[in-house]
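Novice: Compute the structure for the input listed below.
(chains A and B)
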There are 2 protein chains.
Amino acid sequence: MTQRIGLIGLGIMGAPMARNLLKAGVPTTVHSRTASKVAALVAAGAAAASSAREVAERTDVVITMLPDTPDVRQVVLGPDGVVAGGRPGLILIDMSTIAPAATRALAESLAAHGMHMLDAPVSGGESGAIAGTLSIMVGGDAAILERCRPILAALGTRITHMGPSGCGQMTKLCNQVVGALTLHAVVEGLVLARQAGMDMAGVIEALSGGAADSWMLRNLGPRMAAGDFAPGFFVRLQQKDLRLVAEWAATVHANLPGTVVTSQLLGVVEAMGGGELGTQALFLALERLSGIGAAQRGPGSAGS
Amino acid sequence: MTQRIGLIGLGIMGAPMARNLLKAGVPTTVHSRTASKVAALVAAGAAAASSAREVAERTDVVITMLPDTPDVRQVVLGPDGVVAGGRPGLILIDMSTIAPAATRALAESLAAHGMHMLDAPVSGGESGAIAGTLSIMVGGDAAILERCRPILAALGTRITHMGPSGCGQMTKLCNQVVGALTLHAVVEGLVLARQAGMDMAGVIEALSGGAADSWMLRNLGPRMAAGDFAPGFFVRLQQKDLRLVAEWAATVHANLPGTVVTSQLLGVVEAMGGGELGTQALFLALERLSGIGAAQRGPGSAGS
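Specialist: Residues are numbered from 1 along each chain as shown, chains lettered A, B, ... in the order given. Here you go, the predicted structure:
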């Protein structure tokens, strides 16, 4: 039986994901609060629904790709939401990045109505969403994942089952902690290089391939060296993810001192007006902290 | 003309480097304060000298591979040192990791005697020294480097000229900052995973290949997951390098808040008796800080 798919949330990630489902020949019904985003997908072959409830009424599997925990909660449990419109057996795949505890609570609410939920946040960013090469970290029932694997294969290349409900989100939080601190590592090394008057590109080259090597060094290091602070991954969204980490850490009394420092310094970038810059703009905060670069760049500037 | 080479310092790095010079057919005179280390190299074909002065008297290029700044200063400028024994034209290649400012001062002292100096610290560790695959970051005169390149090619595969005297050491400090903070990134992500009760190896697998990927994640992550805290790179030596960074940062009023936190947490590992463990033992300090793992492991233990 062909599964009918719904997708709610047509932002920077959701829209290209819907296009990849359509390209794979999957019948897809979409919904967004923004009519123009729906119209663009209808032109590409999608069906339109006027609410999350209507998406659930018409489909077997509903994918959500939304900014934050309250958005997902509203779309799933609200009066015009997925639970209101869905039948028993419906599968919700939440690909947003939200709190693991909220995810487990949502999965329980759905289960009370005979519905299933996978948490399936992604890494790989806008370019991964467009290319269909996302990494997808999945929490929930393994048998339900197997039923959804053909759909997810249209969106990503690495689909990993991490454990029961919430484990996808938990893995995503680990990913965001390691990513943010690794970026911070590159920033401090390159600020040191710049303050010493060295050629940053030469230092990146010398460090690549050794024990200090990372995706961040190779991909965002050269952007810092070139003064290119365009997103990429927004500072604002990185901060949202690190707030989810902080919430969880407070709950279980975890201490992550490095992550706290990185997040506070990203807060400095936001205070400089850089919330819409790429995360590599952390370089601007550290530069200013060391008294270099400030004269050449105004607050919130996208670079030299 | 065949260059006669001297090598002073036959520790964990210097001894295999001397062996690689001998294997490449380079006549090599060695010196160490420890007679047994000299004897082992003599058995492999090296000539022995009883002092740094005697090494300099008999050779054209002197390599030093010593623990810290005062050791290098003593070996170069001391009464029985390189300057006392060398002729004008002698080249000193210091491959130790020492302070960039001290390096420049030493180069000036040598220049006053008509001698040359390259600072050429390495990354790649003991395994790189044995395999002859070190990365070598060189500061000093480019023409002098070209004369020494055939020798360095017996020791390493990536030889990069970074700029004038001190720039090799400065690049090494950048490398140590990026490496230590990237390691710290992996530690915080994996502590988060463990505290959530997740399989650490599975999380490493899910994160590899994405934006959170790094040499540290791939190489030291699995050791943390396995409870293997054997060196590798000693906590004690990482701390020495981060002290060089702190000295330099204080001099130029640089602020590197992430590096400060990483170094303080490595200080906790030392306080737990773990100075001789590998740097991945940072995991033990973060685990304890979050109240996990402490019951299972005693202070300074090498793991589970």
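Novice: for chain A, which strand is longest?
Specialist: strand A:156-163 (DSSP state E).
Novice: Any residue of that one touching chain B?
Specialist: Yes - Strand A:156-163 is in contact with chain B by Cβ under 8 Å from any Cβ of the partner chain, via A:158, A:160, A:162-163. For every residue, glycine as well, the C-beta is placed using N, CA and C.
Novice: Off-centre distance for that strand?
Specialist: Offset of strand A:156-163 from its chain centre (Cα atoms, centre = their mean, to the nearest Å): 15 Å.
Novice: By neighbour count, which of the residues of strand A:156-163 next to chain B wins?
Specialist: residue A:162 (25 neighbours; other Cβ atoms under 10 Å in any protein chain shown).
Novice: could you list every residue that touches that residue?
Specialist: By Cβ atoms under 8 Å, 6 or more residues apart in numbering or on different chains, the contact list for residue A:162 reads A:137-139, A:168, A:170-171, B:198, B:202-203, B:206.
Novice: Put together TSV for those residues, with neighbour count and pLDDT on each row.
Specialist: Output for the contacts of residue A:162, formatted as TSV (neighbours: other Cβ atoms under 10 Å in any protein chain shown; pLDDT from 0 to 100):
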residue	neighbour count	pLDDT
A:137	32	97
A:138	26	98
A:139	28	98
A:168	30	98
A:170	27	98
A:171	30	98
B:198	21	95
B:202	18	96
B:203	28	97
B:206	29	94
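Novice: Cross these against helices and list the overlap.
Specialist: Residues of the contacts of residue A:162 located in helices (DSSP state H): A:168, A:170-171, B:202-203, B:206.
Novice: What is the nearest of these to residue A:78?
Specialist: residue A:168 (22.5 Å; Cβ to Cβ).
Novice: Report pLDDT for residue A:296.
Specialist: Model confidence at residue A:296, expressed as pLDDT, equals 40.
Novice: Equivalent analysis for residue A:301, please.
Specialist: 37.
Novice: same thing with residue A:304?
Specialist: 33.
Novice: for residue A:210, same thing?
Specialist: Here, the pLDDT recorded for residue A:210 equals 88.
Novice: Is it within a helix or a strand, and which one?
Specialist: Using DSSP states H and E, residue A:210 maps to neither a helix nor a strand.
Novice: pretty sure residue A:54 contacts residue A:31?
Specialist: Yes - using Cβ atoms under 8 Å, residue A:54 is in contact with residue A:31, at 7.2 Å.
Novice: Between those two, which has more neighbouring residues?
Specialist: residue A:31 (27 against 17).
Novice: ok so, going back, just give me the closest of the residues of strand A:156-163 next to chain B to chain B.
Specialist: Ranked by distance to chain B (Cβ to the nearest Cβ), those are led by residue A:160 at 4.6 Å.
Novice: quick one: that closest one and residue A:135 touch, right?
Specialist: Yes - at 7.5 Å, residue A:160 counts as touching residue A:135 under the criterion of Cβ under 8 Å.
Novice: Can you name the residues of the stretch 201-304 of chain A that neighbour chain B?
Specialist: So far as Cβ under 8 Å from any Cβ goes, the stretch 201-304 of chain A lies against chain B at A:202-203, A:205-207, A:209-217, A:219, A:233, A:245, A:248-249, A:252-259, A:261-262, A:265, A:286, A:289-291.
Novice: Sort out for me which of these are in helices.
Specialist: A:202-203, A:205-207, A:215-217, A:219, A:245, A:248-249, A:252, A:257-259, A:261-262, A:265, A:286, A:289.
Novice: Please pick the buried ones from those residues.
Specialist: Neighbour-count burial (16 or more other Cβ atoms under 10 Å in any protein chain shown) applied to those gives A:202-203, A:206-207, A:215-217, A:245, A:248-249, A:257-259, A:261-262, A:265, A:286, A:289.
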